[in-house]
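J.: Next come a sequence and a model predicted from it.
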Amino acid sequence: MIRRMASLPGGRVGKWVVLALWAVVLVPALMLAGRLGDVEKNDNSAWLPGNAESTKVVERAESFQLGDTLPAIVIYDRPEGITPADMAKAEADAEAFKGIDNVVGQPHGPLKAQDGKAVQTVVQLHKDQKGWEGIGEIVAAMNKVGGENADGLGFHVTGPAGYASDSIEAFSGGGALTTITALVVVVILLLTYRSPLLPVLPLLTVGVALVTSEAVIYLLAKDAGLVVNKQTSFILTVLVFGAATDYALLLISRYREELLRHEDRHEAMAEALYRSSPAIVASAATVAVSLMLLMLATLNSTQGLGPACAVGVLVGLVAMVTLMPALLVVCGRWIFWPVKPSHGSAEAAGEGIWTRVGTAVSRRPRIVWIGTTLALAVMAIGAFGLKADGLSNKDQFTNTPQMAVGEEIRSGHFPAGSGDPVLVVAKAASAERVRTTLSGVPGVGDVSTPMVKGGEAVLLAELKDDPSSTTAMRTVEQARIAVHKIEDADAHVGGSTAIMLDTQEAAARDSKVIIPIVLVVVLLILALLLRAIVAPLLLMATVVLSFGAALGVSSLLFNHVFHFAGAEASFPLLTFVFLVALGIDYNIFLVTRVREVALLHGTRRGALTGLSTTGGVITSAGLVLAGTFAAMASLPLVFAAELGFAVAFGVLLDTMIVRSVLVTALTLDVGRWMWWPGKLFRHHDDPRPRADKADFEPALVGR
């Protein structure tokens, strides 16, 4: 039945049916994919867990028009001193700001700095259904007001609203990211196949998969409550391009082999799909299941990212085992021009870099795997220096946006916590007790007079430190402990600093819960695929070690070369899921081929032939995936640059060292025990101490 199914997409009739079905799917998909931005949520609810204390504050403070608002801190500066005309402009601007849609309440200020060189006005902006995009529009309108008749007066919008606006502008580079990612894929495919025509088919198929994925995700977000945001969109693009192209490379490589053995290209494709689909499906299933486990996260942004990216991987899988075979068969052998695979011709066996690597490893496999393991362990030590405790707003960017410039000016002229207070909601009857308690918390400055409405009271407490600093978050923790002790006050502490704190705590919890579950699930998938226990355990150990090494090297570079201030709290979890799920891909590609050969010729020959025959395609796949993730550095965001670098480096490490050297050395040393307790375990190898040419001859399995 599996063989019959494999013959359908590339069959004489089936190929046309497949193309017609994809054409029918693509028409509505193109329309729906373009509307994905309409259902993106970039406000607090898209990131915070529903039970977070800062989320409760948002809900309770809504009646005060302070619940889902962000303060925009407007800074005017003139190094030689603020003039009366400058103050008049700041006052006029404050009035003009009130006329902008979604500006709420009265602006606070303008207030002149004590040194007389800067002016500050705080304006509250309401986030509507557009979320941060709406904030960006408001800030753009404020910039227009501030730029009029400035006469050399500096104008900057900073604070949380300025950060939101600059973040949306940074995410707007998604179109450029898609273009760069596509170019990376094309270049690597050209270098891999040295054919100007062949890369068109994988790129076309990936494009169809991406559009279809976005359409499905749009429907899930619109009708099933899936939470997606800008972060989801750019990670989805990179993942679909990288993973789907990997599947295409594996299929094309096997198809090219079969064209040498079959005169009829339809038969060649049927055999190629039959042979390669177990590894492709297992790989995609591993990635998709690992991503779906992110639904166990409490952080909404992480929770929504999982199923959205899983959809992308699964749609990419379907496209690569249906549309891609149909296109290849329709085009025929000429798509490989100028080096077309001819029936009956034979490619040189036992040659190439991966054959030489296998020969070298086979001489002293135990020494090789022990030495490689120690080297990776040393690299992993650097992970202890990773500062994944969040980033302040101004440290979120790889460039220097308006918000960062304004923040630097503001901190030089005004108290650190001014303009972005802590928001405390309590029962009205306890308002004064809460105010007194807050005033006694170290790190808390002025506390406002309570605003009372409908039995609820809101207080604004100014922090003495930068609201996005670690010190300020510790102050919020102390404030929560203090007000929670007040009987019958039902007090909750929120605001932008509290949001950052709750985000970090939720991310830390998610890492502790999800990482062990991912390890267990992936281990079970490998055990089912390989019908063994030892091999899955060893493969998982190599991937985890590779992850640790990648994290360690990344940490050292982030701290001492790129000089990033730190990393987001969700960075380790996302890096782990991507590297473990995607890293196990290459082990699946390799070991399934090893097992296929070992069934007839023993584990030794299986290990060396598997490395020789899959080395090129897996290396190309690793380069594609690493290149697509590295393209994330085109976004001026520290999170994107760090995640892109860590995954790209980890994939290259896994492809070049872990899979080719470590796994091969382990397989050669452990031998048939790799397959314990399966039937293959009882298949004994020839007791040859070294590799010879016969070990690398392609086995015609099943023929």
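T.: Alright, I've got the coordinates.

J.: where does this protein dip in pLDDT?
T.: 1, 42-48, 50, 65-68, 128-132, 173-175, 344-351, 680-703 (pLDDT under 70).

J.: Mind telling me what element the most centrally placed residue in it is part of?
T.: What sits nearest the mean C-alpha location of the chain, by C-alpha atoms, centre = their mean, is Ile235, with 4.7 Å. Counting by DSSP states H and E, the element that carries Ile235 is helix 230-261.

J.: So Leu239 sits against Leu314, correct?
T.: No. Applying C-beta atoms under 8 Å as the test, Leu239 and Leu314 come out as separate, 11.4 Å apart. Any C-beta I mention is one placed from the backbone N, CA and C, and that applies to glycine too.

J.: The two: which has the busier surroundings?
T.: Shown here are Leu239 and Leu314; by other C-beta atoms under 10 Å, Leu239 has more neighbours (28 against 20).

J.: ok, that one to Val216 distance?
T.: With the distance defined as C-beta to C-beta, to the nearest Å, Leu239 ends up 14 Å from Val216.

J.: Same question for Thr298.
T.: Taking C-beta to C-beta, one finds Thr298 at 25 Å from Val216.

J.: Show me what counts as buried in the helix or strand where Lys89 lies.
T.: Using DSSP H and E, Lys89 maps to helix 84-97. By 16 or more other C-beta atoms under 10 Å, the buried positions in helix 84-97 come out as 86, 89-90, 93-94, 96-97.

J.: and after the host helix or strand of Leu590, which helix or strand comes next?
T.: Here Leu590 is covered by helix 571-601, with elements defined by DSSP H and E. Counting by DSSP H and E, the next helix or strand C-terminal to helix 571-601 is helix 603-630.

J.: Whatever helix or strand comes next after that following helix packs against which elements?
T.: Going down the chain from helix 603-630, the next helix or strand is helix 638-653, by DSSP H and E. With contacts taken as 3 or more C-beta pairs under 8 Å, 6 or more residues apart in numbering; DSSP states H and E, helix 638-653 sits against helix 230-261, helix 534-560, helix 571-601, helix 603-630.

J.: Would you mind putting the ones you listed into CSV with distance to Leu374 alongside?
T.: Shown next, in CSV, are those (distance: least, C-beta to C-beta, whole Å):
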stretch, distance to Leu374
helix 230-261, 29
helix 534-560, 10
helix 571-601, 19
helix 603-630, 21
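
J.: Am I right that Asn399 is in contact with Leu635?
T.: No. Using C-beta under 8 Å, Asn399 is not in contact with Leu635, being 10.3 Å away.

J.: if we can go back for a sec, report the angle between the axes of the helix holding Ile235 and helix 638-653?
T.: Comparing the axes of helix 230-261 and helix 638-653 via axes from the mean of the first three to the mean of the last three C-alpha atoms, to 10 degrees yields an angle of 20 degrees.

J.: Just want the angle from helix 230-261 to helix 603-630.
T.: 140 degrees.

J.: Past helix 230-261, which element shows up next along the chain?
T.: In N-to-C order, the element after helix 230-261 by DSSP H and E is helix 265-292.

J.: now the angle from the following helix or strand past that next one to helix 265-292?
T.: Once helix 265-292 ends, the next helix or strand along the chain (criterion: DSSP H and E) is helix 300-331. Angle of helix 300-331 versus helix 265-292, following the same axes, to 10 degrees, is 180 degrees.

J.: and the helix or strand just after helix 300-331, what does it pack onto?
T.: Scanning forward in sequence from helix 300-331 by DSSP H and E, the next helix or strand is helix 353-363. For helix 353-363, the elements it packs on are helix 603-630, helix 664-670, judged by 3+ C-beta pairs under 8 Å, 6+ apart.

J.: what comes up buried for helix 353-363?
T.: 354-355, 357-359, 361-362.

J.: and if you look at stretch 219-227?
T.: Buried, per 16+ other C-beta under 10 Å, within stretch 219-227: 220-221, 226-227.

J.: Over to stretch 438-450?
T.: 438, 441, 443-445, 447, 450.

J.: again with stretch 14-33
T.: 14-15, 18-19, 22, 25-26, 29, 32-33.

J.: Turn those into TSV, including secondary structure and distance to Ser290.
T.: Output for the buried residues of stretch 14-33, formatted as TSV (DSSP: H, G, I helix; E, B strand; the rest coil; distance: C-beta to C-beta, whole Å):
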residue	secondary structure	distance to Ser290
Gly14	helix	32
Lys15	helix	32
Val18	helix	28
Leu19	helix	32
Trp22	helix	27
Val25	helix	26
Leu26	helix	28
Ala29	helix	25
Leu32	helix	26
Ala33	helix	25
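
J.: Can I get the host helix or strand of Val24 in CSV, CA atoms only?
T.: Assigning secondary structure by DSSP H and E places Val24 in helix 14-33. Provided in CSV are the C-alpha atoms of helix 14-33 (Å, rounded to 0.1, in the frame of the first residue of the first chain):
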residue,chain,number,x,y,z
GLY,A,14,-1.4,11.4,-10.8
LYS,A,15,1.0,14.2,-11.6
TRP,A,16,-1.6,16.2,-13.4
VAL,A,17,-4.2,15.5,-10.7
VAL,A,18,-1.8,16.8,-8.1
LEU,A,19,-1.0,19.9,-10.0
ALA,A,20,-4.7,20.6,-10.5
LEU,A,21,-5.5,20.1,-6.8
TRP,A,22,-2.7,22.5,-5.8
ALA,A,23,-3.9,25.1,-8.3
VAL,A,24,-7.4,24.9,-6.7
VAL,A,25,-5.9,25.3,-3.2
LEU,A,26,-3.6,28.1,-4.2
VAL,A,27,-6.3,30.5,-5.4
PRO,A,28,-8.1,31.0,-2.1
ALA,A,29,-4.8,30.6,-0.2
LEU,A,30,-3.3,33.7,-1.9
MET,A,31,-6.3,35.8,-0.8
LEU,A,32,-6.3,34.5,2.8
ALA,A,33,-2.5,34.7,3.3
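
J.: Can you name the residues in contact with that helix?
T.: With contact meaning C-beta atoms under 8 Å, 6 or more residues apart in numbering, helix 14-33 is reached by 7-9, 208, 210-212, 214-215, 218-219, 319, 322-323, 325-327, 329-330.

J.: ok, so what distance separates Thr302 from Ser511?
T.: 10 Å.

J.: Looking only at neighbour counts, state which of those two leads.
T.: Thr302 (26 against 21).

J.: That one against Leu294, yeah?
T.: Yes. Applying C-beta under 8 Å as the test, Thr302 and Leu294 come out as touching, 5.5 Å apart.

J.: Spatially nearest residue to Met451, not counting backbone neighbours?
T.: Val458 (4.8 Å; C-beta to C-beta, 6 or more residues apart in numbering).

J.: So Pro9: helix, strand or coil?
T.: coil (DSSP: H, G, I helix; E, B strand; the rest coil).

J.: Surely it is in contact with Ala326?
T.: Yes. Taking contacts as C-beta under 8 Å, Pro9 lies within contact range of Ala326: 5.4 Å.
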